[in-house]
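In: After the sequence you'll find the predicted model.
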Amino acid sequence: MKHSTTKLVLAVAGFLLTVLLTGFAHANDRPPNVVIIFCDDMGYADIGPFGAKGYETPHLERMAREGRTFTDFHVGRSVCSPSRAALLTGCYPVRVGVPGNFGPNSKTGLDPDEITIAEVVKQRGYATAMFGKWHLGHLPGFLPVRQGFDQWFGLPYSNDMWPHHPDPRYHFPDLPLMNGTEVVNPAIDDEVQRNLTTWYTEGAVKFIEEKKDQPFFIYLAHAQPHVPLFVSDRFKGTTQRGLFGDVVAELDWGVGQILDALKRTNVDENTLVVFTSDNGPWLLYGDHGGSAGPLREGKGTSFEGGFRVPCVMRWPGTIPAGTTCRQFAATMDLLPTVAGLAGADVPSDRIVDGKDIRALMVGEKDAQSPHDVFYYYAGRNLQAVRTGQWKLLLPHSYSHPAKPGTGGMNGKGGSRPIGLSLFDLQSDVGEMVNVADANPDVVRKLQALAELAREDLGDGKRAGQGVRR
């Protein structure tokens with residue numbers, strides 16, 4: 001009898017854990033909604049839960065209180081287009097043919113044959129929408145509505161890719177604002193830029209209200225705080241940090257609007273919200289750039305300040321409130337994770353580098369990172385390898401601010417070399433002490449992993465530099 005009772009208890013416990021991890025602990029087995037809020041160039045220490053100073057982010061603080069912070073969360077590359085490709089496809093950017101940034105003169109983009117999160121969840125009847133910066137190809141065949149999104153409103157590439165860039169080397173054609181495949185404003189101006197955060201947020205809120213009775217996926221990719229910084233009048237001059245602080249305060253307001261809309265439409269407890277960034281801060285722009293806090297360097301580098309970003313996840317009743325995950329995870333994990341939550345299939349006809357991190361999200365006891373190794377690429381060049389606490393920087397040069405800046409759009413930098421360097425991220429997250437000489441076996445192990453990466457990823461396995469459409 002005692003043995004039977006024990007078996008029954010274990011069986012019930014196993015069933016409950018399965019329900020929790022598959023995300024179907026809700027009425028009518030409806031799969032959960034998913035909202036991914038993806039900021040641009042927001043550094044590790046640019047929000048309150050990660051140590052921001054000079055301004056407050058109360059709605060992100062609320063997300064952290066009601067959800068889980070991830071302190072070892074990484075992007076696919078520390079610049080815009082590759083990072084977005086990693087998020088949406090679950091793959092290293094070089095694998096899907098996106099080693100660098102696209103722009104107004106690009107003839108290619110993310111190959112439409114790649115499978116995005118939006119396309120994965122549409123298997124389960126999700127309504128899908130994107131609001132904000134795309135930056136994965138501006139020609140018609142590459143736009144979001146060709147990549148699984150039912151609708152899109154936003155910019156085709158970065159908000160600094162326009163005629164007003166102060167550096168004549170980067171004078172681009174007029175920057176359009178688009179709705180689907182239609183250009184609604186062929187040449188946006190400062191006034192439009194000041195309103196983008198508000199418009200994107202309002203679009204997401206309206207979509208939640210319209211689609212509350214079916215599962216939905218929203219990809220909200222803000223243009224800010226990428227330079228040039230713009231903020232609406234209601235937030236201008238409201239923080240001690242100047243324009244940058246004002247911009248982040250408005251982004252935080254947008255988070256609050258999303259959370260309120262979920263509550264108001266009674267889908268709060270069936271919605272996963274993920275807040276993160278595409279890469280670290282653009283330090284070349286002084287006080288118009290953010291902060292990586294304890295991490296070294298920022299955007300465009302393979303140091304932690306470039307790849308490690310703030311991340312907060314919230315799902316009332318499923319993600320444990322007020323908790324922290326210190327295990328390694330990455331944006332490319334979101335595709336297989338969301339697929340699992342939705343009950344959808346992960347593409348089986350191709351390599352997907354991301355891993356399912358539901359166990360980390362729900363705080364399963366003793367859950368470990370599913371990654372044995374992680375690779376830091378810059379373009380097609382492998383610059384670093386990590387396994388566990390160890391990170392090996394391979395010899396290369398990186399961009400570094402030439403001198404402290406005063407902000408604006410006149411960031412200047414220079415190139416700085418680094419030799420073979422081993423860092424213990426457990427005791428030295430700032431990557432300041434090279435311990436390669438003291439750990440030759442670790443160095444050899446990581447060098448061997450680097451060779452495996454070059455054999456696997458090399459010049460990319462599927463799309464090369466992209467395809468013409």
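Out: Alright, I've got the coordinates. For clarity, every value in this text was computed on a predicted model and none was experimentally measured. Numbering: from 1, shown residues only.
In: could you list every residue that touches Y157?
Out: F102, G103, P104, K133, W134, H135, H138, L175 (C-beta atoms under 8 Å, 6 or more residues apart in numbering). C-beta here means a position set from N, CA and C on the backbone, and glycine is covered the same way.
In: same thing but 10 Å
Out: Taking C-beta atoms under 10 Å, 6 or more residues apart in numbering, we find Y157 in contact with 80-81, 101-104, 106, 133-138, 172, 175-176, 223.
In: now it, what's its secondary structure?
Out: coil (DSSP: H, G, I helix; E, B strand; the rest coil).
In: Now which of the contacts of Y157 would you call buried?
Out: Using 16 or more other C-beta atoms under 10 Å as the burial test, those include 80-81, 101-103, 106, 133-138, 172, 175-176, 223 as buried.
In: so which of those residues comes closest to W315?
Out: Nearest to W315 among the buried ones among the contacts of Y157: K133, at 25.2 Å, using C-beta to C-beta.
In: Just read off the phi/psi values of that closest one.
Out: Dihedral angles of K133 (phi, psi; degrees, to the nearest 10) stand at phi -80, psi 130.
In: got it, and the one 4 residues further on?
Out: When read as degrees, to the nearest 10, the backbone of G137 gives phi 110, psi 120.
In: wait, it sits on N105?
Out: No. Look at G137 against N105 with C-beta atoms under 10 Å: they stay out of range, at 11.9 Å.
In: What ranges does the stretch 351-469 of the chain have for its strands?
Out: Here the stretch 351-469 of the chain has its strands, by DSSP state E, counting those that start in this stretch, at 374-378, 381-387, 390-393, 396-401, 413-418, 421-424.
In: And these: which comes nearest S232?
Out: strand 396-401 (29.0 Å).
In: If you count neighbours, what's buried in that closest one?
Out: H396, Y398, S399, H400, P401.
In: and the second one, what is it in contact with?
Out: It stands for Y398. Applying C-beta under 10 Å, 6+ apart, the residues contacting Y398 are 78, 297, 300-303, 306, 378, 383, 413-418.
In: For ChimeraX, write a command that selects the buried ones of those residues.
Out: Listed next is the ChimeraX selection for buried residues among the contacts of Y398, using 16+ other C-beta under 10 Å:
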select :78,297,300,301,302,303,306,378,383,413,418
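In: what's the closest of the contacts of Y398 to R444?
Out: Nearest member of the contacts of Y398 to R444, counting by C-beta to C-beta, is Q383, at 18.3 Å.
In: which residues touch that closest one?
Out: 78, 301-303, 306, 375-377, 392-398, 418, 450.
In: pLDDT at it, what is it?
Out: Q383 is assigned a predicted lDDT (pLDDT) of 97.
In: cool, the one 10 residues further on as well?
Out: For L393, the pLDDT comes out at 98.
In: what's in contact with stretch 173-188?
Out: By C-beta under 10 Å, 6+ apart, stretch 173-188 touches 103-105, 134, 138, 140-141, 143-146, 149-164, 189, 192-193, 195-196, 199, 203.
In: Dig out what S397 forms beta bridges with.
Out: On the basis of DSSP bridges, S397 is bridged to P417.
In: if we can go back for a sec, if we compare the strands of the stretch 351-469 of the chain, which one ends up closest to N270?
Out: Using C-beta to C-beta, those put strand 374-378 closest to N270, at 31.6 Å.
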